[in-house]
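# here is a sequence with its predicted model. Questions after.
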Amino acid sequence: MENEKKGFAGFVQRNWLVILTGLVVGAAAVVLTALGNPKNMGFCIACFERDIAGALKFHTAGVVQYFRPEIVGLVLGSMIMALIKKEWKPQGGSSPFTRFLLGMLVMIGALVFLGCPLRMVIRIGGGDVNALVGLLGFIVGIVIGTFPLRFGFSLNRAYKQNALEGLLFPILLVILFVLSLLPELFARSEKGPGSMHAPWYAALLIALLVGALCQRSRLCMAGGVRDVVLFKDFHLIYGFLAIIISVVVGNLITHNFKFGLTEQPIAHTDGVFNFLGMVLVGWGSVLLGGCPLRQLILAGEGNSDSAITVFGFIAGAAVSHNFGLASSADGIGAGPVLWVLIAGFVILAAVSVFNTKRRA
């Protein structure tokens, strides 16, 4: 009995922060939805970056154009916490163009599925069975991505950089955010998901808290599954599960839980493309060293490689909508989606092979 108690105490000591972060992230998604964000999309990194691409007029899809304050808050929250804990370290130079390209591919896969790994979990918490198909694809993609890791895959080392290099991305986000508050300067949706948003000040404050907690806990959707596969380490998975529990409870309280395949908010029922899109996301995220959420947190810590990856996400969102690759609630986009996904897998395979050095 004493050993069991000691074991539980050890579990709590090791995992309380990541579990707390997961509970807060899930609660944040529910609260932001109640305040105006789209259902089952209270917190979606891919969706928010897609909306920012639209606000900056990088694509012309009128229903997804809004400069989301949540992205700014996540980066600033991470940066502030990293500065407080003396973990803010400007660094970069680790295969920047490869990271940009991988970011594009991850975003394309996410918009085929209609959500990043974080939204996938939030959709599961809302009862969307389609997201379980996406989860299966995500896991398969991560498992594929772990094979090159076993044989020494690396995008090469990052180098220490000057402080300005680490500050430029947060500064740019703040400037763009302030400009977005000015009337008619950026594009803004009048209907569709882009027109649904919480008040900017609430979104910013909630995201600041989430960004700070994610910086401390190192929460990462892809990292959680990767660590289980490679090391049998479930630490980050507990945060993953905590998000689902928090969202389920929140949706039950707010009467937004709806279990099923059909008529889910901003989702489609094509299981093959839900699966394939998230395979691309999972594989690409492993090669990048973190999911889209984690890339924002790292960018806040001064990592310019992650900042470049975020620009890759935004470019991928523009490409997706400009060339008919992004899905909608009506189904798969009208463009050559399957061929682009296949091309994406080929590129990921090439990156995996050419950046792997077999260990002795």
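That came in fine, so what should we check first?

# name the spans of the chain whose pLDDT lies under the cut-off.
1-5, 358-360 (pLDDT under 70).

# tell me, what residue is most central in it?
The centroid of the chain falls nearest to residue 292 when counting by CA atoms, centre = their mean (3.2 Å).

# quick one: contacts for the residue lying closest to residue 19 once chain neighbours are set aside?
Counting by CB to CB, 6 or more residues apart in numbering, residue 19 lies nearest to residue 242, which is 4.7 Å off, once chain neighbours are set aside. From N, CA and C alone the C-beta is placed, and that goes for glycine too. For residue 242, the contacting residues are 18-23, 25-26, by CB atoms under 8 Å, 6 or more residues apart in numbering.

# roughly how far does residue 242 sit from residue 292?
Going from residue 242 to residue 292 by CB to CB, to the nearest Å gives 19 Å.

# now swap in residue 156 and tell me
With CB to CB as the criterion, residue 156 and residue 292 are 22 Å apart.

# on the three-state scheme, the residue lying closest to residue 148 once chain neighbours are set aside is what?
Nearest in space to residue 148, with sequence neighbours left out and distances taken as CB to CB, 6+ apart, is residue 352 at 4.1 Å. On the three-state scheme (DSSP: H, G, I helix; E, B strand; the rest coil), residue 352 is labelled helix.

# shouldn't residue 352 be in contact with residue 150?
No: if you go by CB atoms under 8 Å, residue 352 and residue 150 don't touch, sitting 11.0 Å apart.

# the two - which one has more neighbours?
Shown here are residue 352 and residue 150; by other CB atoms under 10 Å, residue 352 has more neighbours (19 against 12).

# roughly how far out does stretch 290-301 sit from the chain middle?
8 Å (CA atoms, centre = their mean, to the nearest Å).

# ok, the residue nearest to residue 148 - contacts?
With CB under 8 Å, 6+ apart, residue 352 has these contacts: 145, 147-148, 153, 287.

# and those, which is closest to residue 281?
residue 145 (10.3 Å; CB to CB).

# now that closest one, nearest residue through space, not along the chain?
Closest to residue 145 by CB to CB, 6+ apart is residue 286, at 2.9 Å.

# just checking, the one you found touches residue 150?
No: counting by CB under 8 Å, residue 286 does not reach residue 150; the two are 11.4 Å apart.

# can you check which helix is longest in the chain?
helix 2-34 (DSSP state H).

# packing partners for that helix?
helix 117-125, helix 200-217, helix 235-253 (3 or more CB pairs under 8 Å, 6 or more residues apart in numbering; DSSP states H and E).

# list the buried ones in the helix or strand that that helix is followed by?
Following helix 2-34 in sequence order, the next helix or strand is helix 45-55 (DSSP states H and E). Within helix 45-55, the residues scored as buried using 16 or more other CB atoms under 10 Å are 45-55.

# could these go into a markdown table alongside distance to residue 309?
Shown next, in a markdown table, are those (distance: CB to CB, whole Å):
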| residue | distance to residue 309 |
| --- | --- |
| 45 | 11 |
| 46 | 13 |
| 47 | 17 |
| 48 | 15 |
| 49 | 11 |
| 50 | 15 |
| 51 | 18 |
| 52 | 15 |
| 53 | 15 |
| 54 | 20 |
| 55 | 20 |
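
# so which of the residues you listed is the closest to residue 63?
Closest to residue 63, out of all of the buried residues of helix 45-55 and judged by CB to CB, is residue 54, at 8.6 Å.

# check contacts around the spatially closest residue to the closest one that is not a sequence neighbour.
Counting by CB to CB, 6+ apart, residue 54 lies nearest to residue 65, which is 3.3 Å off, once chain neighbours are set aside. Contact analysis of residue 65 by CB under 8 Å, 6+ apart lists 51, 54-55, 57, 186-189, 194.

# can you do 6 Å?
Residue 65 is in contact with 54-55, 187-189, 194, counting by CB atoms under 6 Å, 6 or more residues apart in numbering.

# ok, now residue 72?
173, 177.

# buried residues, the helix or strand containing it. List them.
If you go by DSSP H and E, residue 72 is part of helix 69-84. Going by neighbour count (16+ other CB under 10 Å), the buried part of helix 69-84 is 69-82.

# tell me which two of those residues sit farthest apart.
Top of the distance list for the buried residues of helix 69-84 (CB to CB): 69 and 82, 19.9 Å.

# measure residue 168 to residue 219 for me?
The spacing between residue 168 and residue 219, counted by CB to CB, is 25 Å.

# skipping adjacent residues, who's closest to residue 146 in space?
residue 229 (5.0 Å).

# my read is the one you found is in a strand, agree?
No: counting by three-state DSSP, residue 229 is not found in a strand; it is helix.

# how near is it to residue 310?
26 Å.

# and if you look at residue 34?
27 Å.

# the two: who's more crowded?
residue 310 (25 against 15).

# which strand or helix spans the more buried one?
Going by DSSP H and E, residue 310 is in helix 304-322.

# which helices and strands does that helix pack with?
Helices and strands touching helix 304-322, by 3 or more CB pairs under 6 Å, 6 or more residues apart in numbering; DSSP states H and E, are helix 45-55, helix 96-113, helix 292-300.

# would JSON lines of those with distance to residue 119 be doable?
Converted to JSON lines, the helices and strands packed on helix 304-322 look like this (distance: least, CB to CB, whole Å):
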{"stretch": "helix 45-55", "distance to residue 119": "6"}
{"stretch": "helix 96-113", "distance to residue 119": "8"}
{"stretch": "helix 292-300", "distance to residue 119": "10"}
